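Peer 1: Got a predicted model here, sequence first, then my questions.
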Amino acid sequence: MIQLRLPQQQCITAIMDTLRRVWSALVVMPTGTGKTVVISQVVKMATKGRVLVLAHREELISQLAGTIQAQGVEVGIEMAEHYAEERFWDKPQVVVATVQTLTASDARRLKALVDNPDEWALTIFDEAHHAPAASWRQIADHMLHNDNHKVLGFTATPDRADELAMGAVFEEVAFNYEIRDAMSDGYLVPPKVKYVAVESLDYQHIRTRAGDLSGSGLAKVMEDERNVQGMAVPMYEESTGPWNVVFCATVAQAEDIAMVLNRLEDNCARVVHANTEKSERRRIFNEFDSGDIRFLVNVAICTEGWDCPNVRMVVLASPTKSRAKYVQMIGRGLRPLPGLVDHSPSTCDSPEARRAAIAASDKSNCVILDFAGNCGKHKLTSMADILGGKWPEEVRARADELLKEGEYDDVDEALEEAHEQLEAEAERAKRDKIAKRQKLKAKVDYSTREYNPFDLLDIDPMREPGEENASDAQVDFLRKFGVNATDMSKKQANKFQRDIYRRKSNGLCTLKQARWLKKFGHSGEETFSEAKAILDSEFAKKGRTR
């Protein structure tokens, strides 16, 4: 029997509750948090019909089938030369299949396997961020000929670089468990980020296709000899032993990097890519798992369906704008050592205990080695984006700068520092703005003093000894009408206030208008409309406006 973790139990409950209400649901769980275990439990609980589990890699198929079968559930595999229903009378409760197998040749094998959709209760998509693709939709559409059929998807991230909507397949998110949550709960190791600046790396002219860097432009940059050397040497020097996985953009880049690494240390690197024979691929993976080779250099092979908890360093030699791809790459290194956080409930029965066990282990963190270059217009995904979800974009961007400058290797510390820096800058800007306003106010007050307000009215500018100062309310009131009453007595201010009220009640011009009227030789006792007409005419003669 599998001992379920609390998040796994919560996930299963949420799935069952959600699928009672809607026809399809999505589960977000990062690599290393037991997604396959949850799938095996959901499959075991599905008793109203058969279950189809879909993936797109042989490694995923084998992993899924093995975990489900360990729960005592009969499993058939539909993939290449394997047929789930070799005997018509012996139909397995669960079929694990590759999408490619079912959709090839006009979906011939899908139609043969699922000739009666009413027999099938549930379809599960593993790595469900692929689900909006046409081939995955083709299978979902076929299964939904059964009106009672349910669809469930699992992914480490619901983001797609090409922005195809996950909502086209999944109606609701049943459970969302992020990398940050798993780290806090003590189920994943913390990352230690190291940026390496390579001056010759220049991404700014690379085109974007389907939301990510691609094409000949990317190949040209990543395969450039200076860049290969600039990345291979630092990754060798930063490694402290075996179990370093390198993600490359092209096969040529991967082979060149491996060649440089093998020059630095004989036979320390191997390359795997889509054209590597399956037997050779398995042999290389076994050598890497056992620590016989130091670097596993891959192209789009290790992002899904491959687990090696011993990985100590993840090297990102393939720049990406895709959050999903970034999460998949770093996720290969965030698993704790086998059995560490589950082996003894008495010592790992709390998040604090599990985090302490990880900190005391031989793998207390995982180094994420990233290569900084000139990004230009491109916004490449960074570790600050992945762990800084609660922070605004400007905080994540500043934290990324701090990480690239080498001041920090802990993402949380960089985020906190970025937040403090931006807050301090905002406070300084606020103080500068206030100071600027005060300076402007001083200028306005000074210009107000340029004319003598007492000249407008029959008021003695001299104060009698001991006279009470104008109140703050009087000063504020008169300032609105262009009169500086700071140095006035209360008696003088009263006279100005009364004159303002007199002018308003009698429809006369304002004090400001009166000041200009007297400059132009008028009495200052004109009505408001007369004053406006006179002043418009006078200023028009001078070719300016007030």
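Peer 2: Arrived safely, thanks for sending.

Peer 1: roughly how far apart are residue 531 and residue 505?
Peer 2: Look at residue 531 and residue 505: by C-beta to C-beta, to the nearest Å, they are 16 Å apart. Using the backbone N, CA and C atoms, a C-beta is placed for each residue, glycine as well.

Peer 1: go on, residue 131?
Peer 2: In terms of C-beta to C-beta, residue 131 sits 76 Å off from residue 505.

Peer 1: Looking at those two, which has the bigger crowd around it?
Peer 2: residue 131 (27 against 8; other C-beta atoms under 10 Å).

Peer 1: For that one, which residues are in contact?
Peer 2: Taking C-beta atoms under 8 Å, 6 or more residues apart in numbering, we find residue 131 in contact with 125, 137, 140, 153, 166, 169, 170.

Peer 1: And the second one, its phi and psi?
Peer 2: Translated: residue 137. Note on residue 137: backbone dihedrals following degrees, to the nearest 10 are phi -60, psi -30.

Peer 1: my guess is it contacts residue 169, does it?
Peer 2: Yes - using C-beta atoms under 8 Å, residue 137 is in contact with residue 169, at 6.7 Å.

Peer 1: Looking at those two now, which is surrounded by more residues?
Peer 2: residue 169 (21 against 14).

Peer 1: I'd assumed residue 349 was in a strand, is it?
Peer 2: No - checked against DSSP: H, G, I helix; E, B strand; the rest coil, residue 349 lies outside a strand; its state is coil.

Peer 1: what about it, how many residues close to it?
Peer 2: 10.

Peer 1: which of the contacts of residue 131 are buried?
Peer 2: 125, 140, 153, 166, 169, 170 (16 or more other C-beta atoms under 10 Å).

Peer 1: first to last residue in stretch 75-84, what's the distance?
Peer 2: 8 Å (C-alpha to C-alpha, to the nearest Å).

Peer 1: As a check, name the ranges of all helices in the stretch 301-450 of the chain.
Peer 2: 323-331, 351-359, 383-387, 393-404, 411-449 (DSSP state H, counting those that start in this stretch).

Peer 1: ugh, typo on my part, it should be the stretch 51-200 of the chain
Peer 2: With DSSP H, counting those that start in this stretch as the criterion, the stretch 51-200 of the chain has helices spanning 58-69, 99-113, 134-143, 179-184.

Peer 1: Any buried residues in stretch 381-395, and which?
Peer 2: Under 16+ other C-beta under 10 Å, the buried positions of stretch 381-395 are 381, 382, 383, 384, 385, 386, 387, 388, 391, 395.

Peer 1: got the CA coordinates for that stretch in PDB?
Peer 2: Extracted in PDB, the C-alpha atoms of stretch 381-395 (Å, rounded to 0.1, in the frame of the first residue of the first chain):
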ATOM      1  CA  THR A 381      11.800  33.100 -18.100                       C
ATOM      2  CA  SER A 382      13.900  33.100 -14.900                       C
ATOM      3  CA  MET A 383      13.900  31.500 -11.500                       C
ATOM      4  CA  ALA A 384      12.500  34.700 -10.100                       C
ATOM      5  CA  ASP A 385       9.400  34.300 -12.300                       C
ATOM      6  CA  ILE A 386       8.900  30.700 -11.000                       C
ATOM      7  CA  LEU A 387       9.300  31.400  -7.300                       C
ATOM      8  CA  GLY A 388       8.100  35.000  -7.300                       C
ATOM      9  CA  GLY A 389       4.500  34.500  -8.100                       C
ATOM     10  CA  LYS A 390       3.200  36.600  -5.200                       C
ATOM     11  CA  TRP A 391       5.500  39.500  -6.200                       C
ATOM     12  CA  PRO A 392       4.700  42.100  -8.900                       C
ATOM     13  CA  GLU A 393       6.500  41.900 -12.200                       C
ATOM     14  CA  GLU A 394       8.800  44.800 -11.400                       C
ATOM     15  CA  VAL A 395      10.000  43.000  -8.200                       C
END
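
Peer 1: quick one, phi/psi of the closest residue in space to residue 192 that isn't next to it in sequence?
Peer 2: Using C-beta to C-beta, 6 or more residues apart in numbering and skipping residues adjacent in sequence, the residue nearest residue 192 is residue 365, 4.5 Å away. Main-chain dihedrals, residue 365, degrees, to the nearest 10: phi -160, psi 180.
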